[in-house]
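**Student:** predicted coordinates and the sequence they were generated for:
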Amino acid sequence: MPNAAVIQLTDVGKVFSTDEIETHALAGINLRVDGGEYVAIRGPSGCGKSTLLSILGLLDTPSSGSYVLKGEKIEAIGHRERSRVRNREIGFIFQAFNLIGDLSVRKNIALPLTYRRELTKADIAERVDEALERVGMAHRANHLPSQLSGGQQQRIAVARALAGKPSVLLADEPTGNLDSANGELVMDLLGQLHEDGSTLCVVTHDPRHAERAQRTIEILDGRLVASPVSLSGGCRNAVPVTA
């Protein structure tokens, strides 16, 4: 029996308006991601990948269409509830790591958990320790981010995402600030998390990283496409599809 959908987008569009100019960043996006699935989102710069990921992660809202996350219609909930759902259901891994420089590794991972009133200090400590073990960084728990390499900082960012036990991990170019060797290590880690049951959506421009996923979604000019002519620009002959 197939897994239930974690993410379901129906005819989602996103328009940015500045002065008298409208930019259509996304149009007619239909996407389903099931529990335990590993999906890569691929395309050139400016095609809408990061906008799509921001919508999936509840950092932005669609201008049109519907987003259902674990059976809940996101457009139907208010700002405060949206923040609560994001904290519990979404784990973010950013290109720039986004670690707080004057906090230790342990405190960086623990910080998002402190907003969950149901978690005690002991609960948080247990989750932090578990996440550090999963990414192989328990020995760096008391270091500052500046004392770590780029690859190690990204592993801490992954641990921070994991500690919340989210329904889905969203990674936006997670190897973008890393050399090739450290990039491969981070992608190996994400692959292992998927094998352990995590649901992943990874934005990447690198075809080698996209090949690791179970399914690759191509996006050009804000639309999902079947067979893009080139990922380096243009989408003539590209055919909109439902993913």
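**Tutor:** Perfect, thanks for sending it. Numbers count the residues shown, from 1 in each chain.

**Student:** which elements pack onto the helix or strand harbouring H24?
**Tutor:** Here H24, judged by DSSP states H and E, is contained in strand 21-34. Identification of packing neighbours for strand 21-34 by 3 or more C-beta pairs under 8 Å, 6 or more residues apart in numbering; DSSP states H and E yields strand 5-18, helix 49-56, strand 223-225. For the C-beta atoms, the positions are set from N, CA and C on the backbone; glycine is no exception.

**Student:** so which of these comes closest to R134?
**Tutor:** strand 5-18 (20.2 Å; C-beta to C-beta).

**Student:** now do the buried residues in that closest one.
**Tutor:** For strand 5-18, burial by neighbour count (16 or more other C-beta atoms under 10 Å) applies to A5, V6, I7, Q8, L9, V12, G13, K14.

**Student:** so the third one bridges to which residues?
**Tutor:** In other words, I7. I7 forms beta bridges with V33, L69, as assigned by DSSP bridges.

**Student:** report the contact partners of it.
**Tutor:** Listed by C-beta atoms under 8 Å, 6 or more residues apart in numbering, the contact partners of I7 are L31, R32, V33, L56, Y67, V68, L69, V168, C201.

**Student:** so what's the residue count around the residue lying closest to E72 once chain neighbours are set aside?
**Tutor:** Once flanking residues are discounted, E72 sits nearest to V85: 7.1 Å by C-beta to C-beta, 6 or more residues apart in numbering. The burial count assigned to V85 is 17, neighbours taken as other C-beta atoms under 10 Å.

**Student:** and V85, which of the three is it?
**Tutor:** Taken by DSSP: H, G, I helix; E, B strand; the rest coil, the conformation at V85 corresponds to helix.

**Student:** wait, doesn't it sit right on I77?
**Tutor:** Yes - using C-beta atoms under 8 Å, V85 is in contact with I77, at 6.9 Å.

**Student:** mean pLDDT for the helices and strands packed on strand 21-34: which is lowest?
**Tutor:** Taking each of those in turn, the one with the lowest mean pLDDT is strand 223-225, at a mean of 89.

**Student:** determine the set of other helices and strands touching that strand.
**Tutor:** Packing contacts for strand 223-225, counted by 3+ C-beta pairs under 8 Å, 6+ apart, involve strand 21-34, strand 215-220.
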